[in-house]
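Engineer: Please find the sequence and the predicted model below.
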Amino acid sequence: MDAIFSAFAVLLFAAVILMVEGAWLWWSGAHGGAARRIANRLRLMAASANGGSERIDILKRRVYSCSPALEKQLRRIAQVAALDRWLLQAGVRWSVAQFLGCWLAAAMAGLLLPQMLYLSFVPAAAALVLAACAPWLVLMRTRGARLRKLEEQLPEAADFLGRALRAGHSFANVMQMVGDEMPEPIAGEFKFAYEEINYGVPMNEALYSLALRVPLTDLRYLVIAVLIQRESGGNLAEVFSNISRLIRARLKLLAQVRVMSAEGRMSAWVLGLLPLGVLALMSLTNPAYISVLWTDPIGVRLMWYAVIVALCGVLWMRKLIRIRI
């Protein structure tokens with residue numbers, strides 16, 4: 001039983017770390033200072049010349065659920081739109097209702113299975129937390145992997161745009177060429193933007209939607225360059241070439257920073273997992289000695305203090321080794 005408790009403690013600690021990291025990545029990417037400034041700039045530049053009329057909505061909206069009644073209820077919840085945007089950014093084909101159904105099913109499994117296995121309160125609570133967080137962690141991981149892939153493809157897309165513009169193609173046709181000739185996932189994003197333009201959505205609106213669907217700083221710089229060129233003119237092909245060089249230089253610098261901070265990241269992993277490893281080893285070799293930590297009230301209090309201090313240390317080390325470029 002002590003070994004099972006230690007295993008669940010390790011899994012619970014890892015789940016909490018992943019949840020905190022996922023929440024921080026989402027907040028810094030969507031609500032950070034740089035994201036707010038870029039979003040405000042895009043919103044101002046995408047506004048129409050007559051003082052900001054309502055955005056044109058002639059395309060079919062994404063469906064949250066196949067059931068009209070459930071669709072109506074989900075439309076009333078503001079946070080559902082953010083969840084739908086995450087699903088779109090992750091590139092999955094699930095609707096909001098399907099994802100929420102999967103999440104509820106996982107939570108119910110995490111609630112019922114420990115009771116069927118007659119687990120104690122702490123392992124049961126750990127199983128419930130892991131089961132409830134698993135769909136969200138998978139979604140955030142899939143979304144992050146797709147955004148990283150898009151970021152790696154951006155320099156080649158910018159070069160492709162510049163070469164096509166020098167050949168005499170219009171910008172809308174160039175977007176179609178990117179959607180037809182480049183690999184996924186960046187091809188799908190540009191093809192979707194071209195289809196919006198083809199259906200009658202203004203260019204500024206389509207580019208603004210592209211920047212919302214792909215929350216990457218480099219892509220927003222590219223969109224801002226296009227919007228500025230449409231307002232004031234200039235050599236857009238040269239701008240794309242400069243943006244491509246800038247993105248490549250930034251990605252190269254980011255890779256160098258990751259290499260130089262690898263020792264710090266490894267230290268953070270070792271210091272974070274070492275107490276759990278020692279706890280598991282002591283539980284196997286001398287369970288009577290270590291069991292005081294969860295049988296005695298003072299030991300339980302000390303364990304909570306240790307978990308809080310360990311979390312603070314891991315987060316602080318992560319802040320030191322994570323450099324935004």
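Structural biologist: It's in.
Engineer: Domain-wise, how is this structure divided?
Structural biologist: 3-31+54-146, 148-248, 250-321 (the TED database).
Engineer: what's the closest of those to Ile38?
Structural biologist: domain 148-248 (4.7 Å; C-beta to C-beta). No exception for glycine: its C-beta is placed from N, CA and C like everyone else's.
Engineer: Give the burial count for the residue lying closest to Ile38 once chain neighbours are set aside, as a bare number.
Structural biologist: The shortest distance from Ile38 to any non-neighbouring residue, by C-beta to C-beta, 6 or more residues apart in numbering, is to Arg220 (4.7 Å). Other residues near Arg220 come to 23 when the count uses other C-beta atoms under 10 Å.
Engineer: Confirm for me that Ile17 is in contact with Val314.
Structural biologist: Yes - here Ile17 reaches Val314: they are 6.5 Å apart, a contact under C-beta atoms under 8 Å.
Engineer: residues shared between the contacts of those two?
Structural biologist: Shared contacts of Ile17 and Val314 (C-beta atoms under 8 Å, 6 or more residues apart in numbering): Gly272.
Engineer: ok so, going back, most tightly packed of the domains of the chain?
Structural biologist: When those are scored by mean count of other C-beta atoms under 10 Å, the highest mean neighbour count falls to domain 148-248 (a mean of 18).
Engineer: tell me the mean pLDDT for that one?
Structural biologist: Averaging pLDDT along domain 148-248 gives 85.
Engineer: now do the same end-to-end measure for that domain.
Structural biologist: 14 Å (C-alpha to C-alpha, to the nearest Å).
Engineer: Not counting its neighbours along the chain, what's nearest Met303?
Structural biologist: Leu293 (5.3 Å).
Engineer: The one you found and Gly313, how far apart?
Structural biologist: 19 Å (C-beta to C-beta, to the nearest Å).
Engineer: Could you do Ile290 as well?
Structural biologist: Separation of Ile290 from Gly313 (C-beta to C-beta) stands at 21 Å.
Engineer: same deal with Tyr118?
Structural biologist: Applying C-beta to C-beta to Tyr118 and Gly313 gives a distance of 36 Å.
Engineer: go on, Leu139?
Structural biologist: Leu139 is 28 Å from Gly313, by C-beta to C-beta.
Engineer: before we move on, what about Glu263?
Structural biologist: 16 Å.
Engineer: With Ala127 instead?
Structural biologist: Distance from Ala127 to Gly313, by C-beta to C-beta: 26 Å.
Engineer: now swap in Arg93 and tell me
Structural biologist: 40 Å.
Engineer: Over to Leu253?
Structural biologist: Distance from Leu253 to Gly313, by C-beta to C-beta: 28 Å.
Engineer: Please apply the same query to Leu236.
Structural biologist: From Leu236 to Gly313 the distance is 49 Å (C-beta to C-beta).
Engineer: What mean pLDDT does stretch 252-261 get?
Structural biologist: So the average pLDDT for stretch 252-261 ends up being 80.
Engineer: how far out from the middle of the chain is it?
Structural biologist: Its chain's C-alpha centre and that of stretch 252-261 lie 21 Å apart, by C-alpha atoms, centre = their mean, to the nearest Å.
Engineer: who does the longest helix seen in the chain touch, helix- and strand-wise?
Structural biologist: The single longest helix within the chain, with elements called by DSSP state H, is helix 121-166. Other helices and strands packing on helix 121-166, by 3 or more C-beta pairs under 8 Å, 6 or more residues apart in numbering; DSSP states H and E, are helix 2-31, helix 78-90, helix 96-116, helix 171-181, helix 186-198, helix 217-232, helix 236-260.
Engineer: Identify the residue spatially nearest to Thr142, adjacent ones excluded.
Structural biologist: Closest to Thr142 by C-beta to C-beta, 6+ apart is Ala90, at 4.4 Å.
Engineer: cool, Ala158 as well?
Structural biologist: Ser244 (3.8 Å).
Engineer: Would you enumerate the residues in contact with that neighbour?
Structural biologist: 154-156, 158-159, 162.
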